[in-house]
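# I would like to see how this sequence folds:
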Amino acid sequence: MAAPVEVTQLLLHAQDPDINVRSLAEQKIQQFQEQNYPGFLASLAAELSTAQKPADSRCLAGLVLKNTLDAKDEARKVELQARWSAVDNTLRNQIREALLTTLQTEPQDVRHTAALVIAKVAAIDLPQKAWPNLIQALLANMSATPQHHGVRQATLETLGYVCEEMGAVSDEVLAPDQINMILTAVVAGMRPEEPSPDTRLAATKALQNAIEFADHNFENEQERNYIMQMVCQGTTANDERIRKYSFTCLHEIAANYYGKLPAYMTEIFNISVKAIKEDTEEVGLQAVEFWSTLCDIELDLQDTDDVSEVNHHFIKAVVPHLVPVLLEQLTKQEEGQESDDTAWNMAMASGTCLGLLARTAQDDVVSHVMPFVTENIGKNSKPDDWRLREAATFAFGSILEGPSPHSLADIVRQAMGFLLVAMKDPHPYVRDTTAWTIGRVFEFQHDAGNADVPELITKDTLPGVAQVLINSLQDQVHIAVRACDAIGRLAEGFTGYAGQSSPLSPFFKEFVTVLLTTAQRHDPNQMDSTRLQISAFEAINDLVRAASPDTLDTVGQLTPVFLQEIVKTFGMAVGNGEQRERQAELQGQLCGVLQVCTLVKDCVIVPSAYAHVIVSVLHLSLAV
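All right, here's what the predicted structure looks like:
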């Protein structure tokens, strides 16, 4: 059997701030793994489980060990798992015992690392029935006396990670009695009487991963009631972390046991609304997410043909009560985040949830949202009223998908005037949301070729719309991006328009010209410039697809323009991976525009006229 060797200094050097020391240590670790895999595993396990070793080297030993068992690439993962399974069973037992022993040792960071490694070993061993005493050994930690909070916390973390790994396995690996014992231990750790908040938190997180295995328990009303009681009590715990993860448990319960929710919905509504209104943002976000999750479930049920799946229509029932709560949250914007598409806060989460409510409850939502929109969309008596204007616009944009076009037709026509004026609002947040909303109006309420959709944009109204959108292309980059999208959506709405000409024809060339100019804008932030450039090209794509016969000459003239743009991309700086990715994305977008142009019916393009440019592109491509 492979004997462990001393690796403490090697692991510490692998964390050295000096890159030369660090690189040499990393090379030696890699060589050790390649030359003596069994000894490598034994040495890492020994380092991790030895209490006298430095915590830093122990944690790194655990992480390196974990990475020898798992990988993101599926083929590599299978290879690593097979390599572990081929190791002598005596050595594997030694490593398993070392991992379990580590859960008993200080400090908590090392225990946490051991929990991660145990789960990765379990992912390989349990399906092969190669670690039969694992669950029993973990549960023994939970019942040991005297109780040790650190050990209990680490054990609950381990149980949660093991359940997470088993959830990714198609076969039923855990026996019903094992699942029942795991759930009993986990739910016991969630009790309000648990003296350690960290242990209670670990139990709550573990339940989130274990809940999908609780079918039998949720069929038993008494057991189901007890689990729901512990989860709901957790949403009001003193510790913010426990409240947050208790709500994430409710997400999982809804996703897995939707049919069992009716008895608990009143309490869930009350605790979620209280959290949305009064709790910290971290907790409030998860409370909002519960209702978004429920919308997703009921949207799926609306589309299913399975008669055994009952739709309880919780969302329709809650709309009159939940919508006012969400509308209130829309005014909690974080100023300056309007240009950040990744920003996530109570305002964004509530707007997203409102959109899901509209898709689920459809026309029922409109009457509960429009009074808020009407009251606040033009409010401008105090400096902070921009929040109300933006919230009202966001609310209106959020409910455009779901309700029938006929139910919104008159409202949208009236709103368009307000929206076009709002594109000149002094606050950029309002202009950004307004441009987004106009794009949504065109996406869901404008379809000139569809007799079932009331006409929204006519020859009389289009000039004013076109001018506002063209002017907005000169606004801040994030607003110009929204304007590009709105132009694309506007064009899409004319795609089915029959005849030699369409209302869009008089503006076609101007739109294309200003979008080409917009694509050349340079911003100090190169990523913003690229984003705007791509958005402008996407809008041109949409315009070309919607081109009527009387605009085909303009479409034909675009080919040399975009060939020249492709030539320019070969001169872009590509010193790092991000720059190369940006170049490839832009080249792909330009090639896409060219493809769209060449596929337009009856559009005459003379390749020989652009032969010299095409040859240049080919030469540059081959030179890369």
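# Tell me where the stretch 1-150 of the chain has helices.
8-13, 19-35, 37-49, 55-67, 74-85, 89-102, 108-125, 134-143, 149-167 (DSSP state H, counting those that start in this stretch).
# Mean pLDDT added to the ones you listed, as a markdown table?
Below are the helices of the stretch 1-150 of the chain laid out as a markdown table (pLDDT from 0 to 100):
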| stretch | mean pLDDT |
| --- | --- |
| helix 8-13 | 95 |
| helix 19-35 | 94 |
| helix 37-49 | 95 |
| helix 55-67 | 96 |
| helix 74-85 | 95 |
| helix 89-102 | 96 |
| helix 108-125 | 96 |
| helix 134-143 | 93 |
| helix 149-167 | 94 |
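# Dump those helices into JSON lines; add mean neighbour count as well.
Bear in mind the C-beta positions are built from the backbone N, C-alpha and C, glycine included. Formatted as JSON lines, those follow (neighbours: other CB atoms under 10 Å):
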{"stretch": "helix 8-13", "mean neighbour count": "18"}
{"stretch": "helix 19-35", "mean neighbour count": "13"}
{"stretch": "helix 37-49", "mean neighbour count": "23"}
{"stretch": "helix 55-67", "mean neighbour count": "21"}
{"stretch": "helix 74-85", "mean neighbour count": "13"}
{"stretch": "helix 89-102", "mean neighbour count": "18"}
{"stretch": "helix 108-125", "mean neighbour count": "22"}
{"stretch": "helix 134-143", "mean neighbour count": "17"}
{"stretch": "helix 149-167", "mean neighbour count": "23"}
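# Mind putting these into JSON lines with distance to Asp364?
Converted to JSON lines, these look like this (distance: least, CB to CB, whole Å):
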{"stretch": "helix 8-13", "distance to Asp364": "61"}
{"stretch": "helix 19-35", "distance to Asp364": "60"}
{"stretch": "helix 37-49", "distance to Asp364": "57"}
{"stretch": "helix 55-67", "distance to Asp364": "50"}
{"stretch": "helix 74-85", "distance to Asp364": "44"}
{"stretch": "helix 89-102", "distance to Asp364": "54"}
{"stretch": "helix 108-125", "distance to Asp364": "45"}
{"stretch": "helix 134-143", "distance to Asp364": "47"}
{"stretch": "helix 149-167", "distance to Asp364": "36"}
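# Out of those helices, which gets nearest to Gly493?
Closest approach to Gly493 among these is made by helix 74-85 (42.5 Å; CB to CB).
# Of all the helices of the stretch 1-150 of the chain, which one is nearest Gln579?
helix 19-35 (23.0 Å).
# For this structure, name the helix or strand with the lowest mean pLDDT.
helix 611-623 (a mean of 49; mean pLDDT, DSSP states H and E).
# residues in contact with Arg440?
By CB atoms under 8 Å, 6 or more residues apart in numbering, the contact list for Arg440 reads 397, 400-401, 489.
# one more time with 6 Å
Taking CB atoms under 6 Å, 6 or more residues apart in numbering, we find Arg440 in contact with 397, 400.
# which stretch of helix or strand covers it?
Element membership for Arg440, per DSSP states H and E: helix 428-445.
# quick one, the helix or strand following that helix and helix 428-445 angle?
Downstream of helix 428-445, the first helix or strand assigned by DSSP H and E is helix 462-472. Calculated by axes from the mean of the first three to the mean of the last three CA atoms, to 10 degrees, helix 462-472 forms an angle of 140 degrees with helix 428-445.
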